[in-house]
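**Q** predicted model and sequence below, questions to follow.
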Amino acid sequence: MKVFVAGASGAIGRPLVRQLVAAGHEVTGMTRREERAEQIRATGAKAVVCDAFDAEALEAAVGEAAPEAVVHLLTSLPQRIDYRDKQALAPTNRVRSEGTRNLVAAARAAGARRLIAESVAFFYAPEGDRVKDEEEPLFLAAPPPFGDGATALAGLERQVLEAEGIEGVVLRYGWLYGPGTYYASDGSLTEDTLKRMAPVVGKGTGIFSFIHVEDAASATVAALDHGAPGAYNVVDDEPAPMSEWSPAFAAAIGAKKPFHVPTWIARLAAGKGAAVMSTQLRGASNAKAKRELGWAPRYPSWRQGFTDAAARG
């Protein structure tokens, strides 16, 4: 199958391109930087340098690739997120609104059959069940910067799922760990944990659902030709409260056990949004993805995944 990957040099894009090539697909990977294009070519894929905000250039790039499927992994996240900054997610929100609009138009113009787009599985409204399926409402009223992020994601999903003449699939990935993520050996969360600057907030009751980048990529490969159009949670089998996974992550990377801080202190130090997510976050169920995509994570639990990722550096 001919596959066009927008965001091919990102945390999911890199293992995805490698897995697609290994599976025999003809892959074109898009990136904004020439030096990253060379890395894409080194995997055996074609590469194109293009900006998603340049609608004309994007349409030409996708059209030349003539893909049967387009994968949208475009983000613009900083190396470290300051949750006190209400505009912390603004660049990525713009990509998920304007960039998505341009990519949907380019995919349709090129005659692509299927469009797979990245969303997240950790913006479900903090009400009811502690673990959510894909039918549950998003947390659009979340404190800054998360509320704007959830709104941008809802708009992205709507554009993809309602696009005429193309099969729209939204993959709601869990908290990513592995190379290129905040949990990587050079990631900001790892740095903060080693410095004991990533405390458990309150009783650590927020439920997190994780996914290794390799597993996120394999689910994306499966979604090329499995599953009806719609949204799928791509997470591991073990949603877990912060009080449980945070000490385990610290142990995996050789850090001391994290401190516990009262919620009000976290609110002052890191902002209301970070405090709410740490204490009220809902997890996600992967039952639909396993059932309809015929997929299962290589790392069923973050327990094995954290340890293996730390050992690999």
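**A** Looks like it arrived, so ask away.

**Q** could you use CA atoms for every contact and neighbour count after this?
**A** Noted.

**Q** now do the contacts for the most centrally placed residue in the chain.
**A** The centre of the chain sits closest to Y173, judged by CA atoms, centre = their mean, with a distance of 4.7 Å. Applying CA atoms under 8 Å, 6 or more residues apart in numbering to Y173 gives the contacts 118-121, 211, 216, 233-235.

**Q** make JSON lines out of those residues and add secondary structure and pLDDT.
**A** Output for those, formatted as JSON lines (DSSP: H, G, I helix; E, B strand; the rest coil; pLDDT from 0 to 100):
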{"residue": "E118", "secondary structure": "strand", "pLDDT": "98"}
{"residue": "S119", "secondary structure": "strand", "pLDDT": "98"}
{"residue": "V120", "secondary structure": "strand", "pLDDT": "98"}
{"residue": "A121", "secondary structure": "coil", "pLDDT": "98"}
{"residue": "I211", "secondary structure": "strand", "pLDDT": "98"}
{"residue": "A216", "secondary structure": "helix", "pLDDT": "98"}
{"residue": "N233", "secondary structure": "strand", "pLDDT": "98"}
{"residue": "V234", "secondary structure": "strand", "pLDDT": "99"}
{"residue": "V235", "secondary structure": "coil", "pLDDT": "98"}
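
**Q** and the residue nearest to the centre of the chain, bridged to which residues?
**A** According to DSSP bridges, the partner residues bridging Y173 are V120, V234.

**Q** what subset of the contacts of Y173 is buried?
**A** Buried subset of these (neighbour count, 16 or more other CA atoms under 10 Å): 118-121, 211, 216, 233-235.

**Q** and which of those is nearest to G254?
**A** I211 (20.9 Å; CA to CA).

**Q** re earlier: gap between the residue nearest to the centre of the chain and P258?
**A** 26 Å (CA to CA, to the nearest Å).

**Q** do G178 as well
**A** G178 is 20 Å from P258, by CA to CA.

**Q** could you do K203 as well?
**A** With CA to CA as the criterion, K203 and P258 are 13 Å apart.

**Q** more neighbours: these two, which one.
**A** Per other CA atoms under 10 Å, whichever of K203 and P258 has more neighbours is P258, with 23 against 15.

**Q** identify the residues contacting that one.
**A** Shown in contact with P258 (CA under 8 Å, 6+ apart): 193, 196-200, 246-247, 250.

**Q** any chance of those in a markdown table, with pLDDT, distance to T307 and secondary structure too?
**A** Shown next, in a markdown table, are the contacts of P258 (pLDDT from 0 to 100; distance: CA to CA, whole Å; DSSP: H, G, I helix; E, B strand; the rest coil):
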| residue | pLDDT | distance to T307 | secondary structure |
| --- | --- | --- | --- |
| T193 | 98 | 15 | helix |
| R196 | 96 | 19 | coil |
| M197 | 96 | 20 | coil |
| A198 | 97 | 18 | coil |
| P199 | 97 | 20 | coil |
| V200 | 98 | 20 | strand |
| S246 | 98 | 13 | helix |
| P247 | 98 | 12 | helix |
| A250 | 98 | 10 | helix |
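
**Q** which of those has the most neighbours?
**A** Within the contacts of P258, neighbour counts (other CA under 10 Å) peak at V200, which reaches 27 neighbours.

**Q** I'd say that residue and K257 touch.
**A** No - applying CA atoms under 8 Å, one finds V200 not in contact with K257, separated by 9.7 Å.

**Q** show me where the stretch 151-300 of the chain has helices.
**A** 188-194, 213-222, 242-252, 263-270, 272-280, 287-292 (DSSP state H, counting those that start in this stretch).

**Q** compare those helices and report which one is nearest to A47.
**A** helix 213-222 (18.2 Å).

**Q** what residues does the closest one touch?
**A** Here helix 213-222 has contacts from 11-13, 15-16, 19-20, 116, 171, 173, 176-179, 234-235, 293-299, using CA under 8 Å, 6+ apart.

**Q** buried subset of those residues?
**A** Neighbour counting by 16+ other CA under 10 Å classes 11-13, 15-16, 19-20, 116, 171, 173, 176-179, 234-235, 293, 295-297, 299 among the contacts of helix 213-222 as buried.

**Q** tell me which of those fall in strands.
**A** Counted as lying in strands by DSSP state E, out of these, are 116, 171, 173, 176-177, 234.
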